[in-house]
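Asks: got a sequence here, can you model it:
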Amino acid sequence: MTRIAKLAGMVAALFAGATLADEPAAPPPDDSTAATTTPESDIYVYPSKGQTEKQLDRDRYECHNWAVAQSHYNPSNTHLAPHQQVRVVEMPAPGRDTAVGAMTGAVIGGSVASPRDSGTGAVAGAIVGAMIGASSDASRRKAANQVNTQVSAEEQSERARLERQAADYRRAISACLEGRGYTVK
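Replies: A predicted model of the protein is given here:
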């Protein structure tokens with residue numbers, strides 16, 4: 001086997017390894033189960049001291065405003081739906097830098113080698129360029145995964161904060177309504 005054939009085999013193996021390693025950045029974990037485990041959001045209020053419908057509406061409104069002020073949570077506000085959440089995805093196709101590096105290296109290697117060894121120079125340049133490009137691809141993937149992990153952690157933290165505030169709101173409005181003579185369940 002000639003030197004050029006061996007080098008071509010090494011380049012092919014390098015490309016095969018680079019394309020196997022170039023998987024897209026992992027998406028943030030799916031926390032759809034968190035929505036099903038949140039406490040019941042409905043609060044049932046029963047007049048226990050003969051309050052009228054009009055009195056109930058006024059008390060419910062006043063207790064809602066008080067509970068919002070106490071908990072800093074307003075159940076009337078809309079929150080981001082899952083399809084509106086942001087996920088960072090790497091822009092270039094996987095392996096792009098590897099291929100570009102190999103092509104650039106082949107051109108440079110072929111042009112700087114002597115005319116008799118231009119093929120060997122091109123193959124050697126392609127190998128070096130592909131290795132540099134593969135390093136760039138790996139670096140980009142790592143950065144995208146770090147950003148996705150950070151965004152995911154921030155989303156989980158925000159979700160937990162909202163759940164705490166919602167629980168505080170339920171406690172506050174229940175206490176207010178019970179203080180005004182209602183049975184709350």
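
Asks: so where do the strands sit in the chain?
Replies: For the chain, the strands defined by DSSP state E occupy 45-47, 182-184.

Asks: what's in contact with the first one?
Replies: Which is strand 45-47. Residues outside strand 45-47 that contact it (C-beta atoms under 8 Å, 6 or more residues apart in numbering) are 55-56, 60, 177, 181-185. Just so you know, the C-beta spots here come from the backbone N, C-alpha and C atoms, and that holds for glycine as well.

Asks: mind running it again at 6 Å?
Replies: Strand 45-47 has contacts (C-beta atoms under 6 Å, 6 or more residues apart in numbering) with 56, 177, 182-184.

Asks: so which of the strands of the chain is nearest Met131?
Replies: strand 182-184 (67.9 Å; C-beta to C-beta).

Asks: sorry, back to before: okay, the strands of the chain in JSON lines with mean neighbour count next?
Replies: Below are the strands of the chain laid out as JSON lines (neighbours: other C-beta atoms under 10 Å):
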{"stretch": "strand 45-47", "mean neighbour count": "15"}
{"stretch": "strand 182-184", "mean neighbour count": "16"}
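
Asks: these into a markdown table, with extra columns for distance to Ile108?
Replies: Formatted as a markdown table, the strands of the chain follow (distance: least, C-beta to C-beta, whole Å):
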| stretch | distance to Ile108 |
| --- | --- |
| strand 45-47 | 77 |
| strand 182-184 | 77 |
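
Asks: any chance of those strands in a markdown table, with mean pLDDT and distance to Ala130 too?
Replies: Formatted as a markdown table, the strands of the chain follow (pLDDT from 0 to 100; distance: least, C-beta to C-beta, whole Å):
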| stretch | mean pLDDT | distance to Ala130 |
| --- | --- | --- |
| strand 45-47 | 87 | 69 |
| strand 182-184 | 87 | 68 |
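
Asks: quick one: closest of these to Gln70.
Replies: Per C-beta to C-beta, nearest to Gln70 of these: strand 182-184, 15.5 Å.

Asks: would you list every one of the helices in this structure?
Replies: 3-21, 32-36, 53-71, 96-112, 118-179 (DSSP state H).

Asks: need those in TSV with mean neighbour count, can you?
Replies: Listed next are these as TSV, based on neighbours: other C-beta under 10 Å:
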stretch	mean neighbour count
helix 3-21	14
helix 32-36	8
helix 53-71	15
helix 96-112	19
helix 118-179	17
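
Asks: run through this structure and note the low-pLDDT ranges.
Replies: 1-41, 78-92 (pLDDT under 70).
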